[in-house]
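Participant: this one's sequence-less:
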């Protein structure tokens, strides 16, 4: 038989050249390794992404918690010294501040004003821990004839939160019946 008419045996199942079998299994093994690496990279991405999102959420919750300011202010004694002249009284007193919020705050200032009443803080700052109390020294000026009315006085407290943000908080304080009223009236009418 001449070489141009080569016969192919159809019963032969292996039509590959001699080295092709090993090459195919190497390619199959390489594909499996690649697939395994892709699955591992995906799993690592899911784990790292979940961790990152959790950290982001915790950070946001911490910022929100630090931004909350909940204070209660109560007049304390005003017998720390004072003077009276021509129907008005000037006293130094204490204001108790209760921090009902979840984070510490620093009280930077206290002010209030209405006809017959002026209140200003004397101290520069006072740190009040969460759930704790602090006393702020204030200067009180009262006009004896009109200062003590039944309606509350709106105190404005300037506070710095743990995230170093300055915030203004208002809180109503009843002067009528308070220690401040008792101490001031004792100086307004010394004969009483």
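Facilitator: Nice, thanks for sending it over. Because the structure is predicted, anything quoted here is derived from the model rather than measured. Residues are numbered from 1 along each chain as shown.
Participant: which of the residues in whatever helix or strand residue 97 lives in are buried?
Facilitator: According to DSSP states H and E, residue 97 maps onto strand 88-99. Neighbour-count burial for strand 88-99, with 16 or more other C-beta atoms under 10 Å as criterion, is recorded at 88-91, 93-95, 97, 99. Every residue, glycine included, has its C-beta placed from N, CA and C.
Participant: Looking at those, which one is closest to residue 183?
Facilitator: Using C-beta to C-beta, residue 91 is the member of the buried residues of strand 88-99 that lies nearest residue 183, at 6.2 Å.
Participant: Just to check, the closest one is in contact with residue 75?
Facilitator: No. Contact criterion C-beta atoms under 8 Å: residue 91 and residue 75 do not qualify, at 11.0 Å.
Participant: any common contacting residues for the two?
Facilitator: Shared contacts of residue 91 and residue 75 (C-beta atoms under 8 Å, 6 or more residues apart in numbering): residue 180.
Participant: ok so, going back, quick one: which of the buried residues of strand 88-99 is nearest residue 173?
Facilitator: Nearest to residue 173 among the buried residues of strand 88-99, with distances taken as C-beta to C-beta, is residue 95, at 8.1 Å.
Participant: Tell me what that closest one is bridged to.
Facilitator: Counting by DSSP bridges, residue 95 forms beta bridges with residue 75, residue 136.
Participant: OK, contacts around it?
Facilitator: 73-76, 110, 121, 135-138, 155.
Participant: which of the residues you listed has the weakest pLDDT?
Facilitator: Within the contacts of residue 95, residue 76 has the lowest pLDDT, namely 87.
Participant: quick one, strands of the protein?
Facilitator: Using DSSP state E, the strands of the chain run over 71-75, 82-85, 88-99, 105-114, 117-121, 126-128, 133-143, 153-161, 166-173.
Participant: other SSEs contacting the fourth one?
Facilitator: In this structure, strand 105-114 makes packing contacts with strand 88-99, strand 117-121, strand 126-128, strand 133-143, strand 153-161, judged by 3 or more C-beta pairs under 8 Å, 6 or more residues apart in numbering; DSSP states H and E.
Participant: I appreciate the help and will end here.
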